[in-house]
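Enquirer: what shape does this take:
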Amino acid sequence: MKDIKSLLTSAAGAWLIFMLIAVSIGALREAVLTHQLGELAAHQIGTIVVSLLIAGVIVVFVRRLHPEPLPALGIGAGWMAMTVAFEFGVFHFIAGHPMSELLANYNLAAGRLWPLVLLSELLTPWLAASLIARPKPASPAKAPRARAKTTGLPTEYRRAISHEEISALPIRRYEGEVRVVNTEAALREAMLDIRQERITGFDTETRPAFSKGESYLPCLVQIATARRVYLLQLQQLDCSQALAGFMADRNIVKAGVALAGDVGKLKQLFPFEAAAVVDLGHIAKRHGNTQTGLRNLAALFLGWRMAKGAKTTNWSIPQLSEVQIGYAATDAWASRELYLCFENLGLIEQPGD
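Expert: Next up, the predicted model:
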């Protein structure tokens, strides 16, 4: 509910920017263009400029908030309705402009282009959300030129990297949206997004054990999509049914490193059949890599270093720290980025490789 309120608040703020743009361009048109070009040409130029500027604001809005295409279309319809209500409510009932004068701006046959502004408000959010939401394959740092005959791995990519070389690389952390899932409503929203994915990054975190014979089962599951990372707190919420369906879905790749252990421990919490689980370490090893941990693979293929700070913290606490959230999200995100890189290099033969 909080996310919906935030989205609607941002949408209202964007609409106010639309109105500011329309009023400003209208004043500029009257002051400069009308006297030089005539009323009709000035109207047409001003309307096109307003439509383009509004479309630009909408693209920024969509890139920041990442609404899904259907909700984005609903937001666009709301913007259009608010604009029409504002136009007739203020200019007719308050300013006293005749209704015939206002309706004349909708007459396309007479060269009036005002409907373009309304169409821009209505359709641009849906179009931008549809394009931005599509997962795009990540490109490696260098385009592959030649492939090794025995492994299929481009010669630009090394098979091993030293600790000193990793330490010299820049640190990267996930900087997108992270949602901590610990309520039924949050879980429903998360699964709606996750089910749209072709590829997800997958990982789990477990409370560390420091004594002999002490062990724990996973208390956090991280799932990265193209839009955000979800952290499912298993001790605060029963996610077994949702996760069982996700793990068994053959149409959604679950990519990560050393996943046999993660999957095995999750099965101790609840039963499920695993499908389309892709262990990136196994793929890297098959193509000649001797270091197959997530951090080594990120350094070798993505060219950056992952921080280790929060690995041994208590993942079972109800309120995760910012450091924990950043660490957990980065692991899942990096796994997804690696899969996309491997896919782009042709190293993955099929979803269940």
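
Enquirer: contact partners for the most centrally placed residue in the chain?
Expert: Taking CA atoms, centre = their mean, the centroid of the chain lies closest to Arg227, which sits 1.3 Å from it. If a contact means CB atoms under 8 Å, 6 or more residues apart in numbering, then Arg227 has 66, 133, 176-177, 193 as its contacts. Yep, even glycine has a C-beta here, placed from its N, CA and C like the rest.

Enquirer: show me where the stretch 101-250 of the chain has helices.
Expert: For the stretch 101-250 of the chain, helices defined by DSSP state H, counting those that start in this stretch occupy the ranges 115-132, 163-167, 184-194, 240-248.

Enquirer: so which of those comes closest to Glu205?
Expert: helix 240-248 (14.3 Å; CB to CB).

Enquirer: average pLDDT for the helix or strand just after the closest one, rounded please.
Expert: With elements assigned by DSSP states H and E, the helix or strand that comes after helix 240-248 is strand 253-256. For strand 253-256, mean pLDDT is 96.

Enquirer: off-centre distance for strand 253-256?
Expert: Computed by CA atoms, centre = their mean, to the nearest Å, the separation of strand 253-256 from the middle of its chain amounts to 17 Å.

Enquirer: tell me, how many residues neighbour the nearest residue to Asp279 once chain neighbours are set aside?
Expert: Nearest residue to Asp279, sequence neighbours excluded (CB to CB, 6 or more residues apart in numbering): Leu259, at 4.9 Å. Using other CB atoms under 10 Å, Leu259 has 22 neighbouring residues.

Enquirer: other SSEs contacting the strand or helix carrying Met82?
Expert: Assigned by DSSP H and E, Met82 belongs to helix 69-91. Packing partners of helix 69-91 (3 or more CB pairs under 8 Å, 6 or more residues apart in numbering; DSSP states H and E): helix 2-28, helix 99-104, helix 115-132.

Enquirer: run the chain-centre distance for the first one.
Expert: Just to be clear, that refers to helix 2-28. 23 Å.

Enquirer: show me what contacts Phe88?
Expert: 99, 102 are the contacts of Phe88 under CB under 8 Å, 6+ apart.

Enquirer: same thing but at 7 Å, please
Expert: The contact partners of Phe88, taken as CB atoms under 7 Å, 6 or more residues apart in numbering, are Leu102.

Enquirer: please parse the chain into its domains.
Expert: 2-132, 163-345 (automatic domain parsing).

Enquirer: can you put the ones you listed in a markdown table and add distance to Tyr157?
Expert: Shown next, in a markdown table, are the domains of the chain (distance: least, CB to CB, whole Å):
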| stretch | distance to Tyr157 |
| --- | --- |
| domain 2-132 | 29 |
| domain 163-345 | 6 |
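
Enquirer: mind telling me which of those domains the model trusts least?
Expert: domain 2-132 (a mean of 87).

Enquirer: how distant is that one from the center of its chain?
Expert: Worked out by CA atoms, centre = their mean, domain 2-132 lies 26 Å from the chain centre.

Enquirer: these two touch, right, Arg228 and Glu177?
Expert: Yes. With contact defined as CB atoms under 7 Å, Arg228 counts as touching Glu177 (4.0 Å).

Enquirer: rewinding a little: just so I know, which of the helices of the stretch 101-250 of the chain lies nearest Ile25?
Expert: Using CB to CB, the nearest of the helices of the stretch 101-250 of the chain to Ile25 is helix 115-132, at 10.1 Å.

Enquirer: buried sites along that closest one?
Expert: Neighbour-count burial for helix 115-132, counted by 16 or more other CB atoms under 10 Å, picks out 116-118, 120-129, 132.

Enquirer: and what of stretch 262-269?
Expert: 262-263, 266, 269.

Enquirer: can you pick out the ones from those residues that are in helices?
Expert: Secondary structure from DSSP state H places 262-263, 266, 269 of the buried residues of stretch 262-269 in helices.
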